[in-house]
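1. what would the 3D arrangement of this be:
(one chain, ligands or ions: 2)
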Amino acid sequence: LRSKSTGLPDVKERTLIAVKPDGVQRRFIGQIIQRFEQRGFKLVGLKMLQASEDLLSQHYSELRTKPFYPRLLKYMSSGPVVVMVWEGHKVVQTSRTMVGHTNPAEALAGTIRGDFSFHVSRNVIHASDSEEGAQREIQLWFKGRELLNWDCCDQSLTLAV
Ligand code: GDP
Ligand code: MG
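-> Numbering: from 1, shown residues only. Ligands and ions are numbered 1, 2, ... in the order given. Just a heads-up that it's a prediction; the model follows:
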């Protein structure tokens with residue numbers, strides 16, 4: 001598929017990124033957004049909310065049998081989160097690399113978790129782990145009209161593959 005306006009390949013892969021309550025409390029929203037912007041991804045949705053345990057139980061449904069699951073829901077509903085949808089070439093895989101290992105003790109320096117956190121129970125950020133997971137999570141957190149299709153001035157750079 002090619003964009004009607006630019007004739008370049010359409011890059012529609014999207015992922016859900018969330019600054020978790022500890023990331024908001026520690027004032028990392030700006031630095032986290034900055035990393036995705038400077039990498040060249042396009043922000044197509046953004047909002048701040050305090051998530052209900054119901055929403056979080058759907059978001060983390062795969063983890064419901066884990067021993068830490070009740071604590072995870074309590075943590076994630078304890079304060080506001082900033083949820084975002086970022087778009088671009090291989091954005092799911094690239095953002096997982098940018099975010100780093102789930103356990104901050106194993107996350108490399110230079111990754112978001114490696115730079116901003118030290119414990120798995122307070123690891124600052126969420127990123128979808130697959131394209132299918134991303135689509136499911138985006139539909140869960142956002143209404144269609146909350147996502148914007150807009151042309152970036154540097155599209156010719158970000159789409160040159
Ligand atoms: P992620 O995709 O890297 O966020 O990791 P998972 O999907 O496996 O887990 C979701 C979230 O649950 C993680 O980001 C952590 O916040 C939390 N979590 C995962 N494993 C543990 C654990 O062993 N203990 C605690 N307390 N929290 C965990
Ligand atoms: Mg996960």
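
2. isn't residue 114 right next to residue 100, touching?
-> Yes: contact criterion CB atoms under 8 Å: residue 114 and residue 100 qualify, at 4.7 Å. Glycine gets a C-beta too; all of them are placed from N, C-alpha and C.

3. more neighbours, those two?
-> residue 100 (24 against 17; other CB atoms under 10 Å).

4. what about the more buried one, distance to residue 136?
-> The gap separating residue 100 from residue 136 is 22 Å, by CB to CB, to the nearest Å.

5. what residues does the protein put near ligand 1?
-> 63, 68, 71-72, 102, 120-121, 123, 126, 129 (CB under 6 Å from any ligand atom).

6. pick the one among those closest to residue 43.
-> Lowest distance from residue 43 to the residues of the chain next to ligand 1 (CB to CB) belongs to residue 126, with 15.9 Å.

7. what's opposite the closest one in the beta bridge?
-> In this entry, residue 126 is beta-bridged to residue 18, by DSSP bridges.

8. OK, contacts around it?
-> With contact set as CB atoms under 8 Å, 6 or more residues apart in numbering, residue 126 has these partners: 16-18, 20.

9. could you redo the last one with a cut-off of 7 Å?
-> Applying CB atoms under 7 Å, 6 or more residues apart in numbering to residue 126 gives the contacts 17-18, 20.

10. out of the residues you listed, which is most surrounded?
-> Neighbour-wise, these (other CB under 10 Å) top out at residue 17, 28 neighbours.

11. and the closest residue to it other than its chain neighbours, which helix or strand is it part of?
-> Leaving aside its sequence neighbours, residue 17 sits nearest to residue 84 (CB to CB, 6 or more residues apart in numbering; 4.7 Å). Using DSSP states H and E, residue 84 sits in strand 81-87.

12. tell me the mean pLDDT over that strand?
-> Mean pLDDT, strand 81-87: 98.

13. that one - contacts with which helices or strands?
-> strand 14-19, helix 21-25, strand 42-49 (3 or more CB pairs under 7 Å, 6 or more residues apart in numbering; DSSP states H and E).

14. for the longest one, packing partners?
-> The elements that strand 42-49 packs onto, with contact taken as 3+ CB pairs under 7 Å, 6+ apart, are strand 81-87.

15. still on that earlier bit, out of the contacts of residue 126, who's nearest ligand 1?
-> residue 20 (7.1 Å; CB to the nearest ligand atom).
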